[in-house]
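A.B. asks: for reference, the sequence and a predicted model appear below.
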Amino acid sequence: MGRPAKSVDLMSKNLTKDEISNRKQTEDNLRGDTDKLIAPPFLNRNQIEIFNYILTELTESSVLGNLDVYILSICAIAIDRLIHIENLINQDFDMVADKAVKVAKTQYTKDFYRCCNELCLSPQSRAKLANIKQSSQDDDPLLKALMLDD
């Protein structure tokens, strides 16, 4: 099975300037607006806190759009339920051998990893986002001019 497509900002593949420009424009159009990135009402209080935390942390990267509400919700639910499962195991360590607990933990872990992949939450993706942000700051003529004034 092939790897999922990455944002052009996260790609290390050599593309021409025209290819990068076209792809960025397409991604921006597909991403859509960001005015409705709020936690859905079906999330509980803990899940809303997780949702908002991830949203806050990813806002600066500009990779989220309104359609990402659903994947953020799934991620928040998976994290909340993994925490709940770990709390159950911590209270009664014999639960670690319970088949239903193992199956649930495995499923929510898979959901979480899938969400991490979709939301660029892996350490590699975050490092690439940081490098991109730094290089865009290095190339910004306004920032260069302001630094010369110091």
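C.D. replies: Yep, it's here. Numbers count the residues shown, from 1 in each chain.
A.B. asks: what about the longest helix in this structure?
C.D. replies: Under DSSP state H, the helix in the chain containing the largest number of residues is helix 69-91.
A.B. asks: quick one: contacts of it?
C.D. replies: Helix 69-91 is contacted by residues 36-40, 42-44, 46-48, 50-51, 54-55, 64, 95-96, 101, 104-105, 108-109, 111-112, 115-116, 118-119 when judged by Cβ atoms under 8 Å, 6 or more residues apart in numbering. Heads up, the C-betas are built off the backbone N, CA and C, glycines and all.
A.B. asks: could you export that helix as CSV, CA atoms only?
C.D. replies: Taking C-alpha atoms only, helix 69-91 is exported to CSV below (Å, rounded to 0.1, in the frame of the first residue of the first chain):
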residue,chain,number,x,y,z
VAL,A,69,-13.1,19.0,12.2
TYR,A,70,-14.0,15.4,11.7
ILE,A,71,-10.4,14.0,11.9
LEU,A,72,-9.7,16.2,14.9
SER,A,73,-12.8,14.8,16.6
ILE,A,74,-11.7,11.2,15.9
CYS,A,75,-8.3,12.0,17.2
ALA,A,76,-9.6,13.6,20.4
ILE,A,77,-11.9,10.7,21.0
ALA,A,78,-9.1,8.2,20.5
ILE,A,79,-6.8,10.0,22.9
ASP,A,80,-9.5,10.4,25.5
ARG,A,81,-10.4,6.7,25.4
LEU,A,82,-6.7,5.6,25.4
ILE,A,83,-6.3,7.7,28.6
HIS,A,84,-9.4,6.1,30.1
ILE,A,85,-8.1,2.6,29.2
GLU,A,86,-4.7,3.4,30.8
ASN,A,87,-6.4,4.6,33.9
LEU,A,88,-8.4,1.4,34.1
ILE,A,89,-5.2,-0.6,33.8
ASN,A,90,-3.4,1.5,36.4
GLN,A,91,-6.3,0.9,38.9
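A.B. asks: against which helices or strands is the helix or strand following it packed?
C.D. replies: Next helix or strand after helix 69-91 toward the C-terminus (DSSP states H and E): helix 99-118. Packed against helix 99-118, as judged by 3 or more Cβ pairs under 8 Å, 6 or more residues apart in numbering; DSSP states H and E, are the following elements: helix 69-91.
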